[in-house]
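A.B. asks: kindly return the folded structure for what I paste below:
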Amino acid sequence: MIDKPYEVIIIGSGATGGMAALTMAKAGVRVLVIERGPELEIKQAKGTEPCNMIRRLLGVTTGNYQNQPQHPGFWKSNPLLYANKKANPYTHPPKAPFMWTQGNQVGGRSLTWGGITLRLSDEDFEASKEKEYNLEWPISYKDLESHYSEIESFLKIYGNKDDLNQLPNGEYIGKLPFTESESRFASNIKKNLNLPFIHSRGFGPNEDQTKWPRYSSLGSTLKEAARLGKIEILSNHIVDKLVLNKDRKSAKSVIVVNQKNGERSELESNLIILCSSTIQTIRILLSSEESNNSNGLIDPSNSLGMNLMDHISTCRFFSVPIEKNFNDYSDKNNNHLLTGAGSFFIPIGRDSSTKKNFVGGYGIWGGIDRFEPPEVFKKYKNTKTGFLIGHGEVLPNQKNTVSLSNTNDLYGISIPHISIVWRENEKRMVSEMNRMIELIINSGNGKIIPVNEILKIPFTKQILSKSVAIKSDAPPPGYYIHEVGGAPMGNDKGNSVLDNWNRLWECNNVLVVDGACWPTSSWQSPTLTMMAITKRACEKAIRDFKG
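C.D. replies: Numbering: from 1, shown residues only. The predicted structure is shown next:
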């Protein structure tokens, strides 16, 4: 039962939902956070081995987990944090697969977030004015700068002030050290290629396993909002759609379905904030829109659901030799665990000298000696293992869409139909990223190795050979879990769904602040910027409603 009065409904409890809840709570506003999944205890969320592995294998063999095993995070987390496709269906064209990773529990996908925190730069916002983009950011870097700083300070993230135009400095508590292999690799890259080689920025390891990790909303934003006594969480409820007032100029409520018994109810609120993740938010808006509901939302642009984007990625594994005078240091301080800050970044950005006939920016994330297998299982002895993952910007394209399928889920709610393909611009970018990655590895005294040859264990090669991450082509959209777009902000209601404060043009008490509001994808990991956008929009809404 919902006991407390509330003024705001927040849909979703992940990174943006947590930030929205905290911003409202700090202003003294009572909020109800609706989450479609359950509220887990820490021990439930973490799970244990070998139980987690048994769950993974059962999920794969039964078909409950079809796309999730392709993502590395699935193999290091409790698989229960990855929603299975049978219970959470969606469709896509037969020849255009989409790998949708959902996190349906309180905390959402923040519980499995890699924890990399990169700011967008001024050049990312300015680039959207170029003709190839079609959609333009209605805000600039300066609009988010103070919000970035406040969030970084609150989250206590690691990083180094590298003074790069393509990657603005942030507020950091220090930097995590490179492994010895990474330091030597970095020296070679800087010397031979003169590329920026920086400490990755983000979270360190979660050293207290009895507490929620700080990169999760449960360990940071939702935790602080709860401490302020201003939030209540309604879990296991799916939001079907919004209900408008008679004039259709504002929303009065949301319709929710109780997953335990299938009952529908209507919850009224003065302000509704959508933080449900890009595709779920679009699904809710489409279900509420006038083409699917005669008294529904009005979208003057007629573009709701168009311009879905994700980062395009490519990956290479490699080995570097253990050189003379190499120190076999201990990992007792967790210095070389792979985390958001325990790794490195080569932020190419929009450097025209590195591009070959494509528009957009990209960056390369990597690590060496961060997940080293036991020597007895390694095929290549006296080496350390590394990886480089390039992820690049995808331009908005009206043909890449989320729409409502003709199929309903078990509660009668229309499921999303996701249609997105890589265009030639993205394919040319992947070719360049592969060229650059191979150049970097060679210049760093490394040797590319197929992922199925890292381990010398029976059957490993056959299993890994099916991984989309090792194919020569880019993995399908959705693989990198950075989907954005579909309900972009803008300055013109003719080509955007939201205004420059994230409000629906014709329904200004509904905010969309998760990835759905992005006009372009840029190339950086998007979560920190999503949180900054959320904070900015919520503070404006507080000023308006209190005024």
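A.B. asks: below-threshold pLDDT in the stretch 401-547 of the chain: ranges please.
C.D. replies: In the predicted model, the stretch 401-547 of the chain carries pLDDT under 70 at residues 452, 455-472, 547.
A.B. asks: so what's residue 311 up against?
C.D. replies: Shown in contact with residue 311 (CB atoms under 8 Å, 6 or more residues apart in numbering): 391, 392, 393, 394, 480, 482, 521, 523. C-beta here means a position set from N, CA and C on the backbone, and glycine is covered the same way.
A.B. asks: okay if I get those residues as TSV plus distance to residue 261 and secondary structure?
C.D. replies: Shown next, in TSV, are the contacts of residue 311 (distance: CB to CB, whole Å; DSSP: H, G, I helix; E, B strand; the rest coil):
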residue	distance to residue 261	secondary structure
391	42	strand
392	45	strand
393	44	coil
394	41	coil
480	37	coil
482	35	coil
521	39	coil
523	45	coil
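A.B. asks: residue 493 contacts residue 507, correct?
C.D. replies: No: with contact defined as CB atoms under 8 Å, residue 493 does not reach residue 507; the gap is 11.8 Å.
A.B. asks: please identify which of those two sits among more neighbours.
C.D. replies: Shown here are residue 493 and residue 507; by other CB atoms under 10 Å, residue 507 has more neighbours (22 against 16).
A.B. asks: what sits against the more buried one?
C.D. replies: Residue 507 makes contact with 244, 248, 249, 250, 251, 297, 298, according to CB under 8 Å, 6+ apart.
A.B. asks: try 10 Å this time
C.D. replies: By CB atoms under 10 Å, 6 or more residues apart in numbering, the contact set of residue 507 is 242, 244-245, 248-251, 272, 285, 288, 296-299.
A.B. asks: ok so, going back, out of the contacts of residue 311, who's nearest residue 110?
C.D. replies: residue 482 (14.0 Å; CB to CB).
A.B. asks: sorry, back to before: which residues do residue 493 and residue 507 both contact?
C.D. replies: In contact with both residue 493 and residue 507: 298, 299, using CB under 10 Å, 6+ apart.
A.B. asks: now stretch 127-135: buried residues?
C.D. replies: Within stretch 127-135, the residues that count as buried by 16 or more other CB atoms under 10 Å are 127, 128, 133, 135.
A.B. asks: ends of it, how far apart?
C.D. replies: In stretch 127-135, first residue to last residue: 10 Å (CA to CA, to the nearest Å).
A.B. asks: same check on stretch 482-495?
C.D. replies: End-to-end span of stretch 482-495 (CA to CA): 23 Å.
A.B. asks: please point out which parts of that stretch sit buried.
C.D. replies: The neighbour-count check on stretch 482-495 (16+ other CB under 10 Å) flags 482, 483, 484, 485, 486, 487, 488, 489, 490, 493, 495 as buried.
A.B. asks: how about the helices in the stretch 251-400 of the chain?
C.D. replies: Secondary structure of the stretch 251-400 of the chain (DSSP state H, counting those that start in this stretch): helices at 278-288.
A.B. asks: any stretches of it with poor pLDDT?
C.D. replies: Regions of the stretch 251-400 of the chain meeting the criterion pLDDT under 70 cover residues 324-335, 352-356, 377.
A.B. asks: could you rerun that using 50?
C.D. replies: For the stretch 251-400 of the chain, residues meeting the criterion pLDDT under 50 lie at 329-334.
A.B. asks: what count of nearby residues applies to the residue nearest to residue 14 when sequence neighbours are not counted?
C.D. replies: Excluding the flanking residues, the one nearest residue 14 by CB to CB, 6 or more residues apart in numbering is residue 108, at 2.7 Å. By other CB under 10 Å, the residues close to residue 108 number 30.
A.B. asks: with the one 5 residues further on instead?
C.D. replies: By the other CB under 10 Å criterion, the neighbourhood of residue 113 contains 24 residues.
A.B. asks: for residue 240, which non-adjacent residue is closest in space?
C.D. replies: residue 255 (4.5 Å).
A.B. asks: quick one: contacts for that neighbour?
C.D. replies: By CB under 10 Å, 6+ apart, the contact set of residue 255 is 238-243, 264-267, 284, 287-288, 413.
A.B. asks: what's the closest of these to residue 123?
C.D. replies: Nearest to residue 123 among the contacts of residue 255, counting by CB to CB, is residue 284 at 33.0 Å.
A.B. asks: run a quick check on the closest one versus residue 273, I expect a contact.
C.D. replies: No: using CB atoms under 10 Å, residue 284 is not in contact with residue 273; the gap is 11.7 Å.
A.B. asks: list residues touching both of those two?
C.D. replies: Common contact partners of residue 284 and residue 273 (CB under 10 Å, 6+ apart): 11, 12, 510, 512.
A.B. asks: next one: residue 407 relative to residue 90, how far apart?
C.D. replies: As for residue 407, its distance to residue 90 is 9 Å (criterion: CB to CB, to the nearest Å).
A.B. asks: ranges for the helices of the stretch 1-150 of the chain?
C.D. replies: Ranges of helices within the stretch 1-150 of the chain are 15-26, 42-46, 51-62, 122-127, 141-155, based on DSSP H, counting those that start in this stretch.
A.B. asks: which of the ones you listed comes out lowest on mean pLDDT?
C.D. replies: Among these, helix 51-62 carries the lowest mean pLDDT, at a mean of 76.
A.B. asks: report the buried residues of that helix.
C.D. replies: Neighbour-count burial for helix 51-62, counted by 16+ other CB under 10 Å, picks out 52, 55, 56, 59.
A.B. asks: need these in TSV (columns: distance to residue 531).
C.D. replies: What follows is the buried residues of helix 51-62, written out as TSV (distance: CB to CB, whole Å):
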residue	distance to residue 531
52	29
55	30
56	30
59	30
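A.B. asks: and the residues you listed, which two are furthest apart?
C.D. replies: Across these, the longest distance by CB to CB is 10.4 Å; it joins 52 and 59.
A.B. asks: so what's in contact with these two at the same time?
C.D. replies: Contacts common to residue 52 and residue 59, judged by CB under 10 Å, 6+ apart, are 79, 80.
A.B. asks: name the nearest of the contacts of residue 255 relative to residue 97.
C.D. replies: Closest approach between the contacts of residue 255 and residue 97, by CB to CB: residue 413, at 22.8 Å.
A.B. asks: in which helix or strand would I find the residue nearest to that closest one when sequence neighbours are not counted?
C.D. replies: Spatially, and ignoring its direct neighbours in sequence, residue 413 is nearest to residue 240 (5.3 Å; CB to CB, 6+ apart). Assigned by DSSP states H and E, residue 240 belongs to strand 237-244.
A.B. asks: packing partners of that strand?
C.D. replies: On a contact count with 3 or more CB pairs under 10 Å, 6 or more residues apart in numbering; DSSP states H and E, strand 237-244 meets strand 8-11, strand 31-34, strand 251-258, strand 264-268, strand 271-274, helix 278-288, strand 507-512.
A.B. asks: and residue 409, what does it touch?
C.D. replies: Contacts for residue 409 (CB under 10 Å, 6+ apart) come out as 87, 88, 89, 90, 238, 257, 415.
A.B. asks: ok, the fourth one touching residue 282?
C.D. replies: Yep, that's residue 90 we're talking about. No: using CB under 10 Å, residue 90 makes no contact with residue 282, being 11.5 Å away.
A.B. asks: more neighbours: these two, which one.
C.D. replies: residue 282 (31 against 19).
A.B. asks: dump the residue contacts of the residue lying closest to residue 423 once chain neighbours are set aside.
C.D. replies: Leaving aside its chain neighbours, residue 423 sits nearest to residue 397 (6.5 Å; criterion: CB to CB, 6+ apart). By CB under 10 Å, 6+ apart, the residues touching residue 397 are 134-135, 306-309, 420-423, 425-426, 485.
A.B. asks: residue 397 and residue 310: what is the separation?
C.D. replies: 12 Å.
A.B. asks: nothing else from me, thank you.
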